[in-house]
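Novice: Quick one, fold the following:
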Amino acid sequence: MLLLRNNLGVRQAGVNRGRGPGGATHGRCLQDRHDPGVPADTGRGCHQRSDRLWGHPTAGRTSRGAAAMTLTQVAQHAGVSTSTASRYLRGQLNVQPETAARIDAAVAALDYRTGSTGRVARGSRAGTSAPGSAARGTGVVALVVPDFTNPFFTTLAEECADLAASRQIPLVVAVSGKHGERNGGLSPLIGGTDVLGGLIYLGMSRTDERLARAVADGLPVVVIDEEIDLDLAVDTVTVDNYGGAYQATSYLIQQGHRRIAHVAGPSELSTTQERKRGYLDALADAGLTADPDLIRHGPYTEQFGASTFPYLTRPGSAPTAVFVGSDIVAVGMLGAAELHGIRIPEDLSVVGCDGIRIGQWLRPQLTTLEQPVAALALSAVDALERAMARREAQESAGNGGAATGFEPARTVLPLHLVIRGSVAPPSA
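Specialist: Below is the predicted model:
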């Protein structure tokens, strides 16, 4: 599934663009910001091919087996990255005159041809732009999400799309699958790094080697939400999952609960591990011992939430409260509670995590840790623009797309506990 977002509107597939009560949206600063560490493009002392290949971002390329291999040879001959050569030849990149001369010489020496006409267009005035070309020469930006069944991903994608549109950055959204198994959504995008201007990765695979290859090829990448195990020089934007879980569990303890369960996400995810650690530390600091039988791991789905009650309602060991690692799982639990004779919050208090909109329409309304979605999107898009500016500076200097002397930044945003009706003191 792909969503295509630009400054004219949005084409959607299966996404609900509704807002919360009253239609309110978060206000935020949308002005462009220039990275002080990157010299501004003045248009002087640089050379840009303006003979762009109009239309679809992949227009002007023949099959991967022929043209892509030839383009790689051109780049090697010129001593630049494949991405630099491709973007220069498409008119999307300013480079130093000597770099332009090397690429042009390589094209001539190798008799490089591309596109349906079988040639590389020449002779257009440098510095001009083309209809349908990427805004500000950045190329298309991709946002990779696991799925759209979880409203948290949908809302975050909306925020990123709105920000990109306000900055005239073309954005496509690809669905990778919950564990990165849906290669049709991710591999074609990353495989064509000469087409992409950047990538925001919101994935549920912590060891996706495709990211490593993309970064090595010079693609600007920002990782958001889930942290990855790969040692990559990329910026990361996430939330304080540990602190939020500690706060939620401590709140339940303050309400008088002593047997508190934890319904967690997939055990391999960083968010799951940090939320579980916060839950365990809050119990320990209160002098309470965690019961392993009250900790359940599973996917972030309503079905998993509904399936937990047989394990949480065993006679003599039932909890009086539960901290749930995802609101969508908590929705399933609230929906199935009546079937198991459980009253919320009289018999079982529930705290979720994410702050999805549907939580405030449940009965009772869901107490939750609210994700700072607008701030997450803003931090991610800002970080990606800085990464793209760094690549532009590297490529303009003829150094290829790989960043040098770059220290990755890790942005951690707070979670906010929203108290509603799904928590009460335990029954006598």
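Novice: Could I get the buried residue list for the one helix or strand residue 73 maps to?
Specialist: Per DSSP states H and E: residue 73 is located in helix 69-78. Buried residues in helix 69-78, counted by 16 or more other C-beta atoms under 10 Å: 70-71, 73-75, 77-78. Heads up, the C-betas are built off the backbone N, CA and C, glycines and all.
Novice: Report the rounded mean pLDDT for that helix.
Specialist: For helix 69-78, the mean per-residue pLDDT is 76.
Novice: next SSE after it?
Specialist: Following helix 69-78 in sequence order, the next helix or strand is helix 82-89 (DSSP H and E).
Novice: for that following helix, packing partners?
Specialist: Applying 3 or more C-beta pairs under 8 Å, 6 or more residues apart in numbering; DSSP states H and E, we find helix 82-89 packed against helix 69-78, helix 97-110, helix 373-396.
Novice: 6 Å instead?
Specialist: Helix 82-89 sits against helix 69-78, with contacts defined as 3 or more C-beta pairs under 6 Å, 6 or more residues apart in numbering; DSSP states H and E.
Novice: what is the closest residue to residue 383 other than its chain neighbours paired to in the beta sheet?
Specialist: Nearest residue to residue 383 in three dimensions, chain neighbours excluded: residue 235, at 4.2 Å (C-beta to C-beta, 6 or more residues apart in numbering). Beta-bridge partners recorded for residue 235 (DSSP bridges): residue 222.
Novice: So what's the residue count around residue 235?
Specialist: Residues contacting residue 235 under the criterion other C-beta atoms under 10 Å number 23.
Novice: same thing with residue 327?
Specialist: As a burial measure, residue 327 scores 27 neighbours (other C-beta under 10 Å).
Novice: ok, it - contacts?
Specialist: Residue 327 makes contact with 352, 354, 356, 359, 368 under the criterion C-beta atoms under 6 Å, 6 or more residues apart in numbering.
Novice: Could you give the average pLDDT over stretch 231-239?
Specialist: 90.
Novice: what does stretch 271-287 give?
Specialist: The predicted model assigns stretch 271-287 a mean pLDDT of 97.
Novice: quick one: contacts of that stretch?
Specialist: For stretch 271-287, contacts defined as C-beta under 6 Å, 6+ apart pick out 226, 241-242, 245-246, 249-250, 253, 262, 264-266, 290, 323, 325.
Novice: List the buried residues in that stretch.
Specialist: Buried positions in stretch 271-287, judged by neighbour count with 16+ other C-beta under 10 Å: 271-276, 278-283.
Novice: Check stretch 342-356 too.
Specialist: Neighbour-count burial for stretch 342-356, counted by 16+ other C-beta under 10 Å, picks out 342, 344-345, 347-356.
Novice: and the gap between the residue nearest to residue 395 when sequence neighbours are not counted and residue 93?
Specialist: Closest residue to residue 395 apart from its sequence neighbours, by C-beta to C-beta, 6+ apart: residue 84 at 4.6 Å. Using C-beta to C-beta, to the nearest Å, we find residue 84 at a distance of 7 Å from residue 93.
Novice: Same question for residue 425.
Specialist: For residue 425, the distance to residue 93 equals 63 Å [C-beta to C-beta].
Novice: Looking at the two, which is more packed in?
Specialist: Neighbour count, other C-beta under 10 Å: between residue 425 and residue 93, residue 93 has more, with 25 against 15.
Novice: Pull the number of nearby residues for the nearest residue to that one once chain neighbours are set aside.
Specialist: Closest residue to residue 93 apart from its sequence neighbours, by C-beta to C-beta, 6+ apart: residue 87 at 3.9 Å. Number of residues near residue 87 (other C-beta under 10 Å) recorded here: 29.
Novice: gap between residue 87 and residue 99?
Specialist: For residue 87, the distance to residue 99 equals 12 Å [C-beta to C-beta].
Novice: same question, residue 289
Specialist: Distance, residue 289 to residue 99, using C-beta to C-beta: 65 Å.
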